[in-house]
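Colleague: got a predicted model here, sequence first, then my questions.
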Amino acid sequence: MRFTIKRDEFLKVLNSSGKAVNSKVVYPALSNFKLELTEEGLFVTGSNESITIQSSVPFEKNGVQLIRNYKEGAVLINARILLEIVRKTESEELTLDVVDTTIATIADNDSEYKLNCIRAEEYMDVDLDADGEHLVMTSADFALMVEQTEFAASVKEQRPVLTAINLEAADGQLTAIATDSARMSKKVLNISPDVNFVANIPAKVMREVRGLVEGEPSIEISVSNKKALFKFGRTVVAAVFVAGEYPNTRNVVPRVLNYIFEVNATELLKAIDKANILSIDRENIVELSMSETEVTVSAKSSQVGSSVQRISTFRYEGEPFRILFNSLFVSSAVKALGSEDVVFGFVSEMKSFVIKNVGDESIVQVVTPARPY
């Protein structure tokens, strides 16, 4: 295999596919990029078993030749080293030439590297077929869906299924849910009524796809009984599902609310941030006290003292009420709603409460309160 390629284009696909490469893998071959030059262009694949990313460079784009002086073939090259070489190359082009499938020479005007490489056949089989149910959505809708849910997924491996975002397509709606059992985020989008599937997709994969899809007009999602496939531009991402049954969240959102609190999101976030300075005894726990005439956010520490922040603009319905909560959970939920004003709905001091965007019913956040001191 041999080719001369525009350095910037090569670096772009290496950066994309490199997000799936992890040195701590069961199969040593997966610490490499798989480079394959075909009649369609250069394909670069990176994988860590749970996620595979393949990006490609065409021979020509917008009348500009990107790959020249080429010979088709395939090879495996250490991902970390190849990425570093290309990243530090300053020439407009570089040439990669594989000799006898064991040595790859990478050269530009000033430098030359000789790297040991491996036969492409040593790479594990990667399934990048777009089978199963298909869904096309704008990249903006996909990015917003991920942004408004992924933060609520668990980062702990004790219950692996909670590290996933649960996607369910049914009855013309796509519902994305993430929960770590202490909070939940739910986003609903309208889709074609013909699409039906349920999938637990790792939240970290969804974050990666959200970053990669930026700048693309749309994204195609294919869901089979084994994997989810995301296609956009010249990139394909395949993700293995997280095993296990996702918790039933249908009754998590309370239907009857006894206390309603509407507030400017920015003012509330500032008050929480200030009060949180003193939430030392119980990390990140603050108290929200509400009545029709006054709303405060407070925290106290037996070691340091106490703090009270008053909210000046609000609307409150109900008897005087107080509740304790994790300030990081609430702040993350409020930010994800992306609205100027937010509405809180409470049942009681020890029941989960909801946070909503005033003008968008498609997104709802649920947070479990903290226990009283």
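Modeller: Good, I have the coordinates. Numbers count the residues shown, from 1 in each chain.
Colleague: domain-wise, how is this structure divided?
Modeller: The record's domain split for the chain, according to automatic domain parsing, is 2-122, 133-240, 259-367.
Colleague: end to end, how far does the first one reach?
Modeller: Across domain 2-122, the terminal residues are separated by 19 Å (C-alpha to C-alpha, to the nearest Å).
Colleague: just how off-centre is that domain within its chain?
Modeller: 25 Å (C-alpha atoms, centre = their mean, to the nearest Å).
Colleague: same question, the shortest one
Modeller: Distance, stretch centre to chain centre, for domain 133-240: 8 Å (C-alpha atoms, centre = their mean).
Colleague: could you do stretch 269-279 as well?
Modeller: 27 Å.
Colleague: and the contacts of that stretch?
Modeller: 284-286, 297-301, 304-311, 327, 330-331, 334-335 (C-beta atoms under 8 Å, 6 or more residues apart in numbering). Quick note: C-beta positions are derived from backbone N, CA and C, even for glycine.
Colleague: using CSV, list the CA coordinates for it.
Modeller: What follows is stretch 269-279 as a C-alpha-only set of coordinates in CSV (Å, rounded to 0.1, in the frame of the first residue of the first chain):
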residue,chain,number,x,y,z
LEU,A,269,-27.9,29.1,39.5
LYS,A,270,-26.0,32.1,41.0
ALA,A,271,-27.7,31.7,44.3
ILE,A,272,-27.0,27.9,44.4
ASP,A,273,-23.4,28.5,43.5
LYS,A,274,-22.9,31.1,46.3
ALA,A,275,-24.6,29.0,48.9
ASN,A,276,-22.7,25.9,47.9
ILE,A,277,-19.5,27.5,49.2
LEU,A,278,-20.5,26.5,52.7
SER,A,279,-22.0,23.1,51.9
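Colleague: so which bits of it are buried?
Modeller: 269, 271-272, 275-276, 278-279 (16 or more other C-beta atoms under 10 Å).
Colleague: report the two of those residues separated the most.
Modeller: Leu269 and Leu278 (16.8 Å; C-beta to C-beta).
Colleague: for Asn284, phi and psi?
Modeller: phi 70, psi 10 (degrees, to the nearest 10).
Colleague: what about it, distance to Val98?
Modeller: Using C-beta to C-beta, to the nearest Å, we find Asn284 at a distance of 54 Å from Val98.
Colleague: ok, these two, which is more surrounded?
Modeller: Taking other C-beta atoms under 10 Å, Asn284 and Val98 do not tie; Val98 has more neighbours (23 against 17).
Colleague: and the pLDDT at that one?
Modeller: Here, the pLDDT recorded for Val98 equals 95.
Colleague: mind checking which helix or strand it is in?
Modeller: In this structure, Val98 sits in strand 93-99 according to DSSP states H and E.
Colleague: what comes up buried for whichever helix or strand comes after that strand?
Modeller: Note on strand 93-99: by DSSP H and E, the next helix or strand toward the C-terminus is strand 103-107. Within strand 103-107, the residues scored as buried using 16+ other C-beta under 10 Å are 104, 106-107.
Colleague: got a list of contacts for strand 103-107?
Modeller: With contact meaning C-beta under 8 Å, 6+ apart, strand 103-107 is reached by 75, 77, 82, 85-86, 94-99, 112-117.
Colleague: of those residues, buried ones?
Modeller: 75, 77, 82, 85-86, 94-98, 113, 115, 117.
Colleague: which strands or helices does the strand holding Val98 pack on?
Modeller: strand 2-6, helix 7-18, strand 103-107 (3 or more C-beta pairs under 8 Å, 6 or more residues apart in numbering; DSSP states H and E).
Colleague: the helix or strand containing Ala239 to helix 7-18, inter-axis angle?
Modeller: In this assignment (DSSP H and E), Ala239 forms part of strand 235-240. Computed by axes from the mean of the first three to the mean of the last three C-alpha atoms, to 10 degrees, the angle separating strand 235-240 from helix 7-18 equals 10 degrees.
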